[in-house]
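Peer 1: everything below, folded, please.
(chains A and B)
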Amino acid sequence: MLEVENINYSYSNKDVLKEVSFSLGEGEILFIIGPNGSGKTTLLKCLNGILKPKGAVFVEKIDLRKLSQKEIAKKFGYVPQRGEISFLTVFDAILLGRRPYIGWEASRRDIEIVEETIRMLKIEHLAFRMLNELSGGELQLVLIARAFAQEPKYLLLDEPTNNLDIRNQIEVMRIIKNVVKEKRISAIITMHDINLALNYAEKVLVLKDGKIFAFGGRESINEEVLSAVYGIRAEIVKYDGKILFVPEL
Amino acid sequence: MLVAGEYKRLLWKRISFGILLIFLLIFLSAVALGLGAYQMSVKELFNAILEGSPVLWNVRIPRIVSAIFVGASLAIAGAVMQCILKNPLASPFTLGISQGAAFGAAIAIVYLGAGQMHRIGENLTIFNPYLVPLFAFFGSLISAFVILAIAKLRDLTPEAIILAGVAMSALFQAGVMLIQYFATDVQVASIVFWTFGDVGRARWIEIYLIIATFLLCFTYFFYHRWDYNSLLAGDETAISLGVNPQRLRLEGMLLSSLLTAVCVSFTGIIGFIGLVSPHIVRLVIGGDYRFLIPTSAFVGAIILLASDTLGRLVISPVIIPVGIITSIIGAPMFIYLLLRGGRNVRG
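Peer 2: Numbers count the residues shown, from 1 in each chain, chains lettered A, B, ... in the order given. As a prediction, the model looks like this:
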């Protein structure tokens, strides 16, 4: 159970998040949507201590401010919007996900977890390539793999499908969903793609100007909310069991 | 377990490279021991070591040991700076940290009477082996903090940080010149002579101090090897992995400045070792800091020892200070790195 209580955050003078409170249960996928600059990424970074907001975040009733960053790292995995490129192999980069658990050197178990993760994401062919040789999409998969290897209770993903082609977008969302269900963890995902959100979300948080505009089940994304938040007119239709977002062009 | 098996092979490849370097270093040390103005055969060498020959124990062995540890120190300082500043061009020399140390040391030597030269052209004797590195450390810290502040205030490009380093170097060189301008002839000669990087002037007590500082810093750096790897993934990811980037950066800069300061105090400014060694390692085994830190140390030691031996042989019996040799070799490599585009060879 993740509980966020009254988070406020400002960069220098600009208030980016205002009185954000919500909670998320075990095994749930929450999508954060909202226009550019509405505070999605900032909110994500406030959850695992990358940014230090005013207000409190509780995990299983424990105040995160009482935990060391290393202990927080065992609970939250984080996938940034853009990965930095370095002279590491993919295997070493994923092994970094074990950093919070590693004392002096990686154990056999750490290596096994990395191997399992690589298989799960079907990136065996990339395992010994250097990060600087990868395409944007491949790099994204490596970042996700690292967060999986971290074995977190909560996965924080900042626009995970951004650099991916349509097939990989669906594949990545399917993998995230499977991992969440299998390991009974939760995921919090910021996203611009309303269609993916509509089809994968169990919960939705709509941000506008740093405030929660709507929070609830996937029905929270509806024509009125979209028009109020994005200023567009759109229709949400059902087609063959799927939900489609059709903007008026 | 296909992937894990493959990974084990990869680790072995990296370890074997390290072992290869150790053998190379031992071989090179033996060569350096035998060669010089007075050449020795292997048999003569063995006897001389056992008999406690003064040529070996007072001249060649300290010179070799000091080349090994100064080379290793500068290399690990460079490797760590390149990571914490996210800058492939960072090193004690290119950031002006060596020059800052030289300035501090010059103050201690001239104004605090911590060192003196007996005759013009002869080595400078440092009376107080603690005061000089202390002042060198203060000098190097000025550069280190300016660079850290600039890197923190504005997310400058690698090239811009290096330009700041150039500015700091120029400032400290001007400082040294100012001291020279008001110094006596003998003092000027001693500072000029002293600023040429030369591993031949350190005495045992100074070498012990270099070794102790190296061991201290190496232990710290190696202990944090996973943190440096995490930092390569960016500050935010590093935090999400339980690392504190700011602390890592501050401690890393402090210790690499200290290491540089101690080396500069006793051997003068030796450029490019710290810049080039980590890049050579990256080209061969990649940028994993678990291996990069120890392996860079070996590469730095090898390059400095080889350069120094070269400097002793080229126009023997005259010895060219090793700082001149490393700059002649290192400058083209630095330009090559610049041309390759700083950002592509990051970390």
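Peer 1: quick one: contacts for residue 180?
Peer 2: Here I'm looking at chain A. A:27-29, A:155, A:186-187 (CB atoms under 8 Å, 6 or more residues apart in numbering or on different chains). Every C-beta, even on glycine, is put in place using the N, C-alpha and C of the backbone.
Peer 1: was after chain B, sorry
Peer 2: Residues near B:Q180 by CB under 8 Å, 6+ apart: B:187-188, B:191-192.
Peer 1: now with 7 Å?
Peer 2: For B:Q180, the contacting residues are B:188, B:191, by CB atoms under 7 Å, 6 or more residues apart in numbering or on different chains.
Peer 1: okay, it: pLDDT?
Peer 2: On pLDDT, B:Q180 comes in at 82.
Peer 1: next, it: phi, psi?
Peer 2: phi -60, psi -40 (degrees, to the nearest 10).
Peer 1: phi first, then psi, for A:P80.
Peer 2: The phi/psi pair for A:P80 (degrees, to the nearest 10) is phi -70, psi 170.
Peer 1: burial check on the closest residue to B:I15 other than its chain neighbours, number of neighbours?
Peer 2: Closest residue in space to B:I15, ignoring its immediate chain neighbours: B:F291 at 7.7 Å, by CB to CB, 6 or more residues apart in numbering or on different chains. The local packing of B:F291 (other CB atoms under 10 Å in any protein chain shown) involves 21 other residues.
Peer 1: tell me which element B:F291 falls in.
Peer 2: Using DSSP states H and E, B:F291 sits in helix B:289-313.
Peer 1: again, but for B:A106
Peer 2: Residue-wise, B:A106 maps onto helix B:97-111 under DSSP H and E.
Peer 1: quick one: buried residues of that helix?
Peer 2: B:97-110 (16 or more other CB atoms under 10 Å in any protein chain shown).
Peer 1: which secondary structure elements does that helix contact?
Peer 2: Where contact means 3 or more CB pairs under 7 Å, 6 or more residues apart in numbering or on different chains; DSSP states H and E, helix B:97-111 is packed against helix B:131-153, helix B:158-181, helix B:185-195, helix B:245-267.
Peer 1: all strands for chain A, in order.
Peer 2: For chain A, strands defined by DSSP state E occupy the ranges A:2-11, A:14-24, A:29-33, A:54-59, A:62-63, A:76-79, A:154-158, A:186-190, A:203-208, A:211-216, A:234-239, A:242-247.
Peer 1: how about CSV for those, with mean neighbour count and mean pLDDT added?
Peer 2: Shown next, in CSV, are the strands of chain A (neighbours: other CB atoms under 10 Å in any protein chain shown; pLDDT from 0 to 100):
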stretch, mean neighbour count, mean pLDDT
strand A:2-11, 17, 91
strand A:14-24, 17, 91
strand A:29-33, 26, 93
strand A:54-59, 16, 91
strand A:62-63, 12, 91
strand A:76-79, 26, 94
strand A:154-158, 23, 95
strand A:186-190, 25, 94
strand A:203-208, 22, 92
strand A:211-216, 16, 91
strand A:234-239, 12, 87
strand A:242-247, 14, 86
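Peer 1: between those, which one is nearest to B:L304?
Peer 2: Ranking those by proximity to B:L304 (CB to CB) places strand A:76-79 first, at 41.2 Å.
Peer 1: and the closest one, what does it pack against?
Peer 2: helix A:136-149, strand A:154-158, helix B:235-240.
Peer 1: ok, whichever residue of the stretch 151-300 of chain B sits closest to chain A - how many residues close by?
Peer 2: Among all residues of the stretch 151-300 of chain B, B:G287 sits closest to chain A, at 2.9 Å; criterion: CB to the nearest CB. For B:G287, the neighbour count with other CB under 10 Å is 29.
Peer 1: can you check B:S16 too?
Peer 2: Counted with other CB under 10 Å, B:S16 comes out at 11.
Peer 1: same deal with B:R201?
Peer 2: As a measure of burial, B:R201 has 22 neighbours, counting by other CB under 10 Å.
Peer 1: which one of the contacts of A:V180 sits closest to A:R218?
Peer 2: A:I29 (9.9 Å).
Peer 1: mean pLDDT per helix and strand in chain B: which one sits at the bottom?
Peer 2: The weakest-scoring helix or strand in chain B, judged by mean pLDDT, DSSP states H and E, is strand B:115-117 (a mean of 57).
Peer 1: centroid residue for the chain?
Peer 2: Reading this off chain A. A:L157 (1.7 Å; CA atoms, centre = their mean).
Peer 1: actually, chain B is the one I wanted.
Peer 2: Central residue of chain B (CA atoms, centre = their mean): B:L74, at 1.8 Å.
Peer 1: low-confidence ranges in the stretch 51-200 of chain B?
Peer 2: Where the stretch 51-200 of chain B drops to pLDDT under 70, the residues are B:114-129, B:154-158, B:190.
Peer 1: what residue in it comes nearest to chain A?
Peer 2: B:K86 (8.0 Å).
Peer 1: okay, now that residue: neighbour count?
Peer 2: By other CB under 10 Å, 21 other residues sit near B:K86.
Peer 1: is it fair to say it lies in a strand?
Peer 2: No: counting by DSSP: H, G, I helix; E, B strand; the rest coil, B:K86 is not found in a strand; it is coil.
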